[in-house]
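Trainee: Provided below for reference: sequence and predicted model.
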Amino acid sequence: MDVDSVRTQFPTLQQMVYDKPLIYLDSGATMQKPLAVIDAMDSYYMHDNSNVHRGVHALSARADKLFNDARSKVRSFINAKSDEEVIFTSGATGAINLVAQSFCQAFMKAGDEIIISEMEHHSNIVPWQLACERMGAVLKVVPVTDAGELDMQAYAELLNEKTKLVALTHVSNVLGTVNPIEKIIELAHKNDIAVLIDAAQSIHHMQIDVQALDCDFLVFSGHKMYGPTGIGVLYGKKHWLEAMPPYQGGGSMIEEVSFDKTTYNKLPFKFEAGTPNIAGVIGLGAAINFIEHIGFDFIVDHEAKLTAHLLKKLGAIEGLRIIGSPEKRASVVSFLIDGIHAHDIATMLDRQGIAVRAGHHCAMPLMKRYGVAATTRATLAIYNTTEEIDKLAEGIVSLQQVFAE
Ligand code: C6P
């Protein structure tokens with residue numbers, strides 16, 4: 001496996017932007033899609049388009065098979081015990097909202113506590129705030145150290161008999177920190193507390209085994225793992241999912257409906273009301289095939305080399321400050337440049353064909369923690385090269401010169 005052959009599989013990467021070859025360093029926001037994913041979705045719409053779980057005709061049977069196969073693919077990818085533990089949602093956000101609504105309704109009461117952290121994405125903050133407001137529960141927040149790591153001492157001290165759930169990100173979308181989720185889960189379980197892991201920024205970087213981790217819930221989005229938008233996964237341990245009430249009502253999630261009493265379908269359908277994103281599910285299955293074909297050995301090795309190169313190059317630029325220096329990090333780096341606003345940096349880099357993200361990255365509390373309004377962020381994936389990182393560093397130096405004039 002080499003990066004050139006990987007790159008040829010991504011049509012979007014073969015283009016010029018402002019007469020410069022596109023350098024895409026915004027994979028943390030969404031990843032580019034390989035042909036295999038585009039083709040799988042195209043093929044479904046071209047040949048097999050039909051609804052699932054409903055028809056008896058040939059196309060419906062084919063759509064059912066593609067849909068069910070994709071669920072099994074997800075199950076084996078994260079090593080869940082059964083397909084019943086894999087719920088399709090609209091994304092990581094949809095999955096967290098499902099748990100915040102349904103788990104909290106079933107297992108929480110006024111005065112109970114939920115633990116999150118200062119480095120969470122808004123998607124892993126606001127659903128819990130809403131749940132706490134509904135239940136009269138209390139949200140507790142694990143602080144982040146200057147280095148950009150979770151304060152594990154503070155975490156351990158927050159756990160108590162009122163805590164009902166811990167919901168933490170695996171990898172920070174701003175700092176790149178890889179959190180010690182094994183330890184986090186172990187400590188929570190010692191206190192009989194369930195743990196939800198937000199794997200939106202980790203699922204494509206490293207192999208995740210939900211049984212080895214022993215997490216109670218895990219969420220991720222298809223579009224951040226080379227798959228389509230509008231599809232995501234909630235993994236949940238069966239005993240929790242069985243005890244949780246339905247999240248939304250509609251077709252597919254019922255067993256029998258009458259005006260007197262409605263009974264609900266078995267897992268995973270109980271949590272999948274309405275016609276699902278069938279093409280999205282098929283695309284997600286193809287994205288997993290793609291990742292497995294590339295292999296995590298290559299992914300981990302290539303991204304580690306790229307990240308080290310990025311940190312070295314950015315670290316050498318005078319007046320540039322990288323936010324956080326976590327010991328264990330993924331290929332996500334946020335930075336500030338003296339005297340230049342993050343949005344100006346991103347806009348000027350764009351003119352050089354370099355796509356980075358600027359802003360609060362949907363992590364306003366973390367911005368506040370570091371006393372900044374916005375950062376510029378570069379996020380890397382398997383199709384990036386060290387030459388692209390060199391171009392980013394050159395681009396930053398050239399815009400510093402423009403501002404110095
Ligand atoms: N972060 C970013 O540029 P959705 O929107 O549901 O696919 O994913 C939400 C989400 C949840 N958790 C983490 C850690 C995330 O990074 C994200 C999405 C993107 O950082 C878009 S804001």
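Mentor: That came in fine, so what should we check first?
Trainee: Please make it C-alpha for all contacts and neighbour counts, starting now.
Mentor: OK.
Trainee: Residue 174 versus residue 362, what's the distance?
Mentor: When distances are taken as Cα to Cα, to the nearest Å, residue 362 and residue 174 turn out to be 9 Å apart.
Trainee: same deal with residue 243?
Mentor: Using Cα to Cα, one obtains 35 Å as the distance from residue 243 to residue 174.
Trainee: Please say which of these two ends up with more neighbours.
Mentor: Between residue 243 and residue 174, residue 174 has the larger neighbour count (other Cα atoms under 10 Å), namely 29 against 12.
Trainee: Just confirm that one contacts residue 334, I think it does.
Mentor: Yes. With contacts defined as Cα atoms under 8 Å, residue 174 counts as touching residue 334 at a distance of 6.0 Å.
Trainee: Find residues that contact each of those two.
Mentor: For the pair residue 174 and residue 334, residues contacting each of them under the criterion Cα atoms under 8 Å, 6 or more residues apart in numbering are residue 377.
Trainee: domain parsing for the protein?
Mentor: Structurally, the chain divides into domains by automatic domain parsing as follows: 3-25+296-404, 38-292.
Trainee: Enumerate the positions of stretch 67-79 that are buried.
Mentor: Neighbour counts using 16 or more other Cα atoms under 10 Å place 67, 68, 69, 70, 71, 72, 73, 74, 75, 77, 78, 79 of stretch 67-79 among the buried residues.
Trainee: Which residues does it contact?
Mentor: Here stretch 67-79 makes contact (Cα under 8 Å, 6+ apart) with 52, 81-83, 85-86, 207-211, 278, 281-282, 284-286, 288.
Trainee: And those residues, which of them are buried?
Mentor: By neighbour count, with 16+ other Cα under 10 Å, these hold 52, 83, 85-86, 207-208, 210, 278, 281-282, 284-286, 288 as buried.
Trainee: which parts of whatever helix or strand residue 189 lives in are buried?
Mentor: Element membership for residue 189, per DSSP states H and E: helix 181-190. Buried residues in helix 181-190, defined by neighbour count with 16+ other Cα under 10 Å: 181, 184, 185, 186, 188.
Trainee: Thought residue 385 was touching residue 303, still the case?
Mentor: No. Judged on Cα under 8 Å, residue 303 makes no contact with residue 385 at a distance of 9.4 Å.
Trainee: Next one: residue 239 from the ligand, what distance?
Mentor: Between residue 239 and the ligand the distance is 25 Å, computed by Cα to the nearest ligand atom, to the nearest Å.
Trainee: Looks to me like that residue is in a helix.
Mentor: Yes. Under DSSP: H, G, I helix; E, B strand; the rest coil, residue 239 sits within a helix.
Trainee: Any idea how many residues pack against it?
Mentor: If you count neighbours by other Cα under 10 Å, residue 239 ends up with 10.
Trainee: Next: residue 218.
Mentor: Taking other Cα under 10 Å as the criterion, the count of residues near residue 218 is 28.
Trainee: Now residue 378: which helix or strand?
Mentor: Residue 378 is part of strand 375-379 when elements are defined by DSSP H and E.
Trainee: Determine the set of other helices and strands touching that strand.
Mentor: The contact analysis (3 or more Cα pairs under 8 Å, 6 or more residues apart in numbering; DSSP states H and E) places strand 375-379 against strand 332-337, helix 342-350, strand 357-359.
Trainee: how about the residue in the stretch 201-350 of the chain that the ligand sits nearest to, phi and psi?
Mentor: Taking Cα to the nearest ligand atom, the ligand has its nearest neighbour within the stretch 201-350 of the chain at residue 221, 4.8 Å off. Here is the backbone geometry of residue 221 (degrees, to the nearest 10): phi -110, psi 140.
Trainee: residue contacts, it?
Mentor: Applying Cα under 8 Å, 6+ apart as the definition, the contact partners of residue 221 turn out to be 90, 91, 92, 200, 229, 231, 232, 233.
Trainee: Now with 6 Å, please.
Mentor: The neighbours of residue 221, taking Cα atoms under 6 Å, 6 or more residues apart in numbering as the test, are 91, 92, 200, 232.
Trainee: Check residue 271 too.
Mentor: Under the criterion of Cα under 6 Å, 6+ apart, the contact list for residue 271 reads residue 246.
Trainee: try residue 116
Mentor: Remark: with contacts taken as Cα under 6 Å, 6+ apart, residue 116 is in contact with 141, 167, 168.
Trainee: Quickly find the element holding it.
Mentor: Of the helices and strands defined by DSSP H and E, residue 116 is found in strand 113-117.
Trainee: Neighbouring strands - and their directions - for that strand?
Mentor: strand 138-142 (parallel), strand 163-169 (parallel) (DSSP bridges).
Trainee: what helices or strands is the helix or strand just after that strand leaning on?
Mentor: Elements were assigned by DSSP H and E; along the chain past strand 113-117, the next helix or strand is helix 126-135. Here helix 126-135 touches helix 92-107, going by 3 or more Cα pairs under 6 Å, 6 or more residues apart in numbering; DSSP states H and E.
Trainee: thinking residue 379 is in contact with residue 28, fair?
Mentor: Yes. Residue 379 sits in contact with residue 28 when judged by Cα atoms under 6 Å, with a separation of 5.4 Å.
Trainee: Residues of the stretch 1-150 of the chain that sit close to the ligand?
Mentor: 28, 29, 91, 92, 93, 121, 123 (Cα under 6 Å from any ligand atom).
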